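**Q** Kindly generate the corresponding structure for this input.
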Amino acid sequence: MKKILVIHGPNLNLLGTREVGVYGNTTIADIDEALNKSAKVKNVFLEIMQSNHEGEIVEKIGQAKGKFDAIIINPAAYTHTSIAIRDAISAVNIPTVEVHISNIYAREEFRHTSLIAPVAKGQVSGFGKSSYLLGLDAAIGLIDK
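**A** Presented below is the predicted three-dimensional model:
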């Protein structure tokens, strides 16, 4: 069975009430439910975590080697600031898909640079909850390659 680690970054626990004009009404529970439903149909095991703490995310990525076949990560604000998360992804050498609910390239200029993209296999952004589902399909495709 394929095993995929899903990481929700900082402030994503506030989805549904946070900047609804940007992120919509979808909650993190809605996203997790949709991911789990899709994964079950595809015979994929998911472990899903959310953290507002950079070090906790770095540790989880570091512990993923040998346990997971792929990583799906929405680094949220850490997308643009975290060399530590970037280096952790690079170090474990696990196929990683970066996802974003909003189109980061249609937002503020500082959001246009992802430190994660150069070490990820690909990026999906701008499709709301579907960004995660597209990311899941991409991760499965990477595992099957």
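**Q** lowest-pLDDT helix or strand in the chain?
**A** Counting by mean pLDDT, DSSP states H and E, the weakest-scoring helix or strand in the chain turns out to be helix 20-23, with a mean of 63.
**Q** Please pull up the helix or strand immediately following it.
**A** Beyond helix 20-23 on the C-terminal side, the first helix or strand identified by DSSP states H and E is helix 28-41.
**Q** Quick check: buried residues in that next one?
**A** Buried residues in helix 28-41, counting neighbours by 16 or more other CB atoms under 10 Å, are found at 28, 31, 32, 34, 35, 38, 39. Any C-beta I mention is one placed from the backbone N, CA and C, and that applies to glycine too.
**Q** for residue 73, helix, strand, or coil?
**A** When classified by DSSP: H, G, I helix; E, B strand; the rest coil, residue 73 comes out as strand.
**Q** What residues does the residue positioned nearest the centre of the chain make contact with?
**A** Central residue of the chain (CA atoms, centre = their mean): residue 73, 1.9 Å from the mean position. The contact partners of residue 73, taken as CB atoms under 8 Å, 6 or more residues apart in numbering, are 6-7, 9, 57, 61, 85, 89, 96-99, 116, 120.
**Q** quick one on the thing from earlier: I'd like the buried residues of helix 28-41 as a markdown table, with distance to residue 138 and pLDDT appended.
**A** Formatted as a markdown table, the entries for these read as follows, by distance: CB to CB, whole Å; pLDDT from 0 to 100:
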| residue | distance to residue 138 | pLDDT |
| --- | --- | --- |
| 28 | 20 | 94 |
| 31 | 16 | 96 |
| 32 | 18 | 97 |
| 34 | 15 | 97 |
| 35 | 13 | 98 |
| 38 | 12 | 98 |
| 39 | 13 | 98 |
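**Q** quick one: which of those is nearest to residue 137?
**A** Distance from residue 137 was checked for each of these by CB to CB. The minimum falls on residue 38, at 8.2 Å.
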